[in-house]
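Colleague: With the input below, show me the fold.
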Amino acid sequence: MKLEYDLGLSRIYELVINSNPCYAFLLDGNTLLQNKTVCAHVLGHCDFFKNNAAFRHTSRDMVERMASSAERIYHYELEHGRRRVEELLDAGLAIAEHVDPSEEGRNARRAAKERMYRQRLGQRAEPPRKVREPGPYDDLFALDGPLPEPDEESIPARVLNKDVVLFIIENSSALEEWERDILSMLREEMLYFWPQLETKIMNEGWATYWHLRIMREMDLSDEEALEFAKMHSGVVLPSRTSINPYHVGLAIWEDIERRWNEPTKEEQERYGRRPGEGREKMFEVREIETDVSFLRNYLTKDLIEKLDLYVYQKVGNDWRVVEKDWEKVRDALVASRINGGIPVLYVEDGDYRRNGELLIRHAFEGMELDLRHLEKTLPYFYRLWGRPVHLQTVVEGRDVTFTYDGKKVQRSFLKD
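Modeller: Below is the predicted model:
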């Protein structure tokens, strides 16, 4: 981020960390007015971190954990070589977004930690048992007894598993223990950042709403007021080719405030709204929504027309606007925010073809994968799994499997 800022490719003014307490880092090149604005913006982020439901399971001591992770990685570099560690980090970061932050995923993480703990204890905690010498008819007597419990470790993985990273950590035969440890660090960090992916538009809109109101209350000089106006307009500047979360988020929050402050007679009679409830409604929405429900429930027809939102795609060699209907535009934007905007992948089989190969399925919902990105990512899956990797998805309406065997990526279309 700092490099992009130095090269003039981004407008980074601050970095705020969701911890307890929150930490914010200001660039020494900022002007005093920029730092005042940043402080006001950060207050909005901190309030959102502390009160939005998506952050309720966030680790508040992540700063200390990251410092500990950096120290462990440094020691692994000394022990195994910097090149090996960096190659593993490249592979891990390439797939780090494919985790499961749900309640089911948290239960799986707790179970995984318990298994790792038992493995580290080893069998030393359990005293050796005296085993009876086998008799000549034991195999016949065993037929009348209950079936033995299946060994958890020996069950082939054939159940869809959304936490691809955890599955690889637990089941890959190609990873050493130190490599599993590093992947676990990357996974924990990804889970820490996940709520921010789910609430990007809400969070940035909320912080922008509050920095705007806080700065309006400050006694700014004419020069400072002009500098702030230029800075704020740059932050909320709409883009023709992508969604600016500051711009869209701020517009929705202000619209919620206006609609609940000034409800129509029909809204008062039908929904029981009373004038002046705008701020109260904003705090309610801030607490319980994520981007998906926020956009679905509060991005109205009037807002879409005001913001001039549309759907565009490549037609032939040209990019063209293909949809202006407000409901379809809203639905397309909502779909783009599902799973934090990350494609949903599942592990379908960890012993595909009875050969220890990995089969991953893309949960296709109308949006194709970036094939160039896909073909560059499969070798990283192979590096971590150690056996051929297959990914099934949909391309141009047809089921297709991409396979990487350690040499090249191949694609095969499934028969209709």
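
Colleague: Name all residues that make contact with residue 395.
Modeller: Under the criterion of C-beta atoms under 8 Å, 6 or more residues apart in numbering, the contact list for residue 395 reads 368, 371. From N, CA and C alone the C-beta is placed, and that goes for glycine too.

Colleague: mind checking how far it is from residue 223?
Modeller: According to C-beta to C-beta, to the nearest Å, residue 395 stands 56 Å off from residue 223.

Colleague: Below-threshold pLDDT in the stretch 101-250 of the chain: ranges please.
Modeller: Low-confidence segments of the stretch 101-250 of the chain, defined by pLDDT under 70, span residues 103-159.

Colleague: Touching, residue 97 and residue 187? I think so.
Modeller: No. Here residue 97 does not reach residue 187: they are 10.2 Å apart, not a contact under C-beta atoms under 8 Å.

Colleague: Neighbour count: these two, which is higher?
Modeller: Neighbours per residue, other C-beta atoms under 10 Å: of residue 97 and residue 187, the larger number sits with residue 187, 24 against 18.

Colleague: And residue 90, which helix or strand is it part of?
Modeller: Residue 90 is located in helix 82-95, with elements delineated by DSSP states H and E.

Colleague: Give me the buried positions along that helix.
Modeller: If you call a residue buried by 16 or more other C-beta atoms under 10 Å, then helix 82-95 has these buried ones: 85, 88-89, 91-92, 94-95.

Colleague: what does stretch 295-309 give?
Modeller: 295, 298-299, 303-304, 307, 309.

Colleague: before we move on, what about stretch 250-263?
Modeller: Buried residues in stretch 250-263, defined by neighbour count with 16+ other C-beta under 10 Å: 250-257, 259-261, 263.

Colleague: Out of these, give me the two with the largest separation.
Modeller: Greatest spatial distance in these: 250 and 263, 21.3 Å, computed using C-beta to C-beta.

Colleague: right, and the secondary structure at residue 320 would be what?
Modeller: Secondary structure of residue 320, reduced to three states by DSSP: H, G, I helix; E, B strand; the rest coil: strand.

Colleague: For it, which non-adjacent residue is spatially closest?
Modeller: Residue nearest to residue 320 in three dimensions, not counting chain neighbours: residue 312, with 6.2 Å by C-beta to C-beta, 6 or more residues apart in numbering.

Colleague: quick check, that neighbour in a strand?
Modeller: Yes. Assessed with three-state DSSP, residue 312 lies in a strand.

Colleague: Quickly list what it is bridged to.
Modeller: Applying DSSP bridges to residue 312 gives these bridge partners: residue 321.

Colleague: swap in residue 410?
Modeller: Under the criterion DSSP bridges, residue 410 forms beta bridges with residue 403.

Colleague: need the contact list for it.
Modeller: Residues 402-404 are the ones in contact with residue 410 under the rule C-beta under 8 Å, 6+ apart.

Colleague: one more time with 10 Å
Modeller: Contacts for residue 410 (C-beta atoms under 10 Å, 6 or more residues apart in numbering) come out as 375, 378, 388, 390, 401-404.

Colleague: Format the buried residues of stretch 295-309 as CSV; extra columns: distance to residue 345.
Modeller: CSV is the format used below for those (distance: C-beta to C-beta, whole Å):
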residue, distance to residue 345
295, 23
298, 30
299, 28
303, 33
304, 31
307, 32
309, 29
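
Colleague: Cross those residues against helices and list the overlap.
Modeller: In helices, defined here by DSSP state H, the members of the buried residues of stretch 295-309 are 295, 298, 303-304, 307.

Colleague: which pair in those residues spans the largest distance?
Modeller: 298 and 307 (12.7 Å).

Colleague: where do the strands sit along this structure?
Modeller: Along the chain, counting by DSSP state E, strands occupy 14-17, 23-26, 311-315, 318-323, 345-352, 357-362, 389-395, 398-404, 409-413.

Colleague: Please name every helix or strand in contact with the fourth one.
Modeller: The criterion is 3 or more C-beta pairs under 10 Å, 6 or more residues apart in numbering; DSSP states H and E, and the helices and strands that strand 318-323 contacts are strand 311-315, helix 326-337.
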